[in-house]
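S.K.: Here is a sequence together with a model predicted from it:
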Amino acid sequence: MTEFSRRAFIFAGATAASGAVFFGVNRAARFALADPADVDSERGPVLVVEFGDDGTRLQSVVREKIRRSKEEWKQRLSLDSYRVTRQGWTEAPESGELAHEHSVGIFRCVCCENALFDSSTKFESGTGWPSFWQAIAPENLYEKMDTSLGVVRREVKCTLCDAHLGHVFADGPDPTGLRYCMNSVALKFVSRKTA
């Protein structure tokens with residue numbers, strides 16, 4: 001065996017071993033760092049705030065979580081919406097039709113129509129995804145620790161159906177300093193009805 005092939009063999013083995021360690025630690029961290037609330041997110045009933053399509057806050061209600069089989073979700077959703085909301089994928093930046101939506105209205109969950117964001121809190125973040133500085137009601141979504149890419153992020157999920165919506169970051173504008181970076185295919189925009 002030549003010196004070059006011996007070095008290549010050692011380097012390839014070290015690379016494979018470090019990759020296996022990284023993925024093993026990442027997987028262990030996902031479980032070790034899980035939020036205590038994650039267990040509760042699997043149960044119902046839950047408190048949500050209902051909103052009319054005109055943006056009027058209607059009432060706080062206790063509802064059972066919406067549960068469907070994989071097959072039922074696949075029938076109700078587009079392939080992209082299914083992959084993002086039910087499997088936790090992320091759409092490509094600038095690919096979603098709601099990234100630059102500037103009409104007045106409400107952004108609802110594509111899976112269950114739970115109200116999530118008002119257009120008055122939407123801003124151009126320059127990221128290519130719809131971004132908001134505040135949820136329409138804190139009860140309507142929840143956050144969960146996400147270490148899937150080897151970094152700690154805060155995943156945002158729908159309270160009513162547990163749909164993956166995107167992530168929240170602490171680099172947004174005033175007054176909250178938050179940036180809810182959402183996937184377009186996880187949202188349904190309802191234009192505000194005007195009299």
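M.R.: Okay, I see it. Numbering: from 1, shown residues only.
S.K.: how does the chain divide into domains?
M.R.: Domains of the chain are assigned by automatic domain parsing as 1-32, 42-191.
S.K.: Determine the set of other helices and strands touching the helix or strand hosting residue 157.
M.R.: Taking DSSP states H and E as the definition, residue 157 sits inside strand 153-158. Packed against strand 153-158 by the contact rule (3 or more Cβ pairs under 8 Å, 6 or more residues apart in numbering; DSSP states H and E) you find strand 141-146, strand 164-169. Any C-beta I mention is one placed from the backbone N, CA and C, and that applies to glycine too.
S.K.: and among those strands, the most buried is which?
M.R.: strand 164-169 (a mean of 22; mean count of other Cβ atoms under 10 Å).
S.K.: Walk me through which strands the helix or strand that that one is followed by pairs with, and which way each runs.
M.R.: Sequence-wise, the next helix or strand downstream of strand 164-169 (DSSP H and E) is strand 179-182. Sheet pairing here is set by DSSP bridges, and for strand 179-182 it gives strand 131-132 (antiparallel), strand 164-169 (antiparallel).
S.K.: export stretch 170-178 as PDB, just CAs?
M.R.: Only the C-alpha atoms of stretch 170-178 are listed here, as PDB (Å, rounded to 0.1, in the frame of the first residue of the first chain):
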ATOM      1  CA  ALA A 170     -34.500  36.700  18.000                       C
ATOM      2  CA  ASP A 171     -33.400  39.000  15.100                       C
ATOM      3  CA  GLY A 172     -36.700  40.600  14.200                       C
ATOM      4  CA  PRO A 173     -37.900  44.200  14.400                       C
ATOM      5  CA  ASP A 174     -39.400  46.200  17.300                       C
ATOM      6  CA  PRO A 175     -41.500  46.000  19.200                       C
ATOM      7  CA  THR A 176     -40.900  42.200  19.900                       C
ATOM      8  CA  GLY A 177     -37.500  41.700  18.300                       C
ATOM      9  CA  LEU A 178     -38.800  38.300  17.000                       C
END
